[in-house]
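Visitor: fold the following, please.
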Amino acid sequence: MNGAHLHLLMHHAPVLGTFFGLALLAFATWKRSVELRKAALGTFVIAALAAVATYLTGEPAEDVVKGLPGTSAALIDRHDDAAGIALGGAIALSVLALGGLIWFRRGKPIKNWFSTLALAAAILVTGLMAWTASLGGQIRHTEIRPDAVPMTTSRSDRP
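Guide: All right, here's what the predicted structure looks like:
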């Protein structure tokens, strides 16, 4: 197993974690559930930890793929820059979430203003994670690049 394997194994966790936390927080706010709000905040903390681990595997993954055909340094650099921004967002969201978990512990209800703030931050971070993942996918998946040109089929390939 090399750095690229580790990065590929881990990269879905922060993306899906922030999305799941966002969906859970939105549902919890709608249902006015303190327990589910706290679970969502905990999810953001776990997603940030996964983001740190994923970010740390990025450099070893780059070392593996940078010489492969079809990869470009520009695509890798764009993904790396986006990953730094997304990581910063995930850490900020986790600090907010952890602060909320500490502030609203022992049965205190989570205030609506705090849930609204956390929802807004979660929407932003989920978008950053999706953007970063898309840029990362473009490194090895040429079919999702903006300049992708579909292959044409020859007459003999048609039924």
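Visitor: helices and strands of the chain: which one has the lowest mean pLDDT?
Guide: Of the helices and strands making up the chain, the lowest-confidence element is helix 3-10, at a mean of 82, by mean pLDDT, DSSP states H and E.
Visitor: show the subsequent helix or strand relative to that one.
Guide: helix 12-31 (DSSP states H and E).
Visitor: Thr132 contacts Ala82, correct?
Guide: Yes: contact criterion Cβ atoms under 8 Å: Thr132 and Ala82 qualify, at 4.2 Å. (Each C-beta comes from the backbone N, C-alpha and C, glycine too.)
Visitor: who's more crowded, those two?
Guide: More crowded of Thr132 and Ala82, by other Cβ atoms under 10 Å: Thr132, with 28 against 18.
Visitor: for that one, list the residues it contacts.
Guide: 15, 79, 82-83, 85-86 (Cβ atoms under 8 Å, 6 or more residues apart in numbering).
Visitor: name the SS class of it, please.
Guide: The three-state label for Thr132, taken from DSSP: H, G, I helix; E, B strand; the rest coil, comes out as helix.
Visitor: tilt between the longest helix anywhere in the chain and helix 12-31?
Guide: Ordering each helix of the chain by length in residues (DSSP state H) puts helix 73-103 first. Calculated by axes from the mean of the first three to the mean of the last three Cα atoms, to 10 degrees, helix 73-103 forms an angle of 40 degrees with helix 12-31.
Visitor: could you list the buried residues of helix 73-103?
Guide: 75-76, 78-80, 82-83, 86-87, 89-91, 93-94, 96-97, 100-101 (16 or more other Cβ atoms under 10 Å).
Visitor: in the least confident helix or strand of the chain, which residues are buried?
Guide: For helix 3-10, by 16+ other Cβ under 10 Å, it's 3-4, 6-7, 10.
Visitor: repeat for stretch 104-121
Guide: 104, 110, 114-115, 118-119, 121.
Visitor: same question for stretch 10-21.
Guide: Buried residues in stretch 10-21, defined by neighbour count with 16+ other Cβ under 10 Å: 10-11, 13-15, 17-21.
Visitor: make JSON lines from those residues and add distance to Gly137 to it.
Guide: Below are those laid out as JSON lines (distance: Cβ to Cβ, whole Å):
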{"residue": "Met10", "distance to Gly137": "15"}
{"residue": "His11", "distance to Gly137": "9"}
{"residue": "Ala13", "distance to Gly137": "16"}
{"residue": "Pro14", "distance to Gly137": "14"}
{"residue": "Val15", "distance to Gly137": "11"}
{"residue": "Gly17", "distance to Gly137": "18"}
{"residue": "Thr18", "distance to Gly137": "17"}
{"residue": "Phe19", "distance to Gly137": "16"}
{"residue": "Phe20", "distance to Gly137": "20"}
{"residue": "Gly21", "distance to Gly137": "22"}
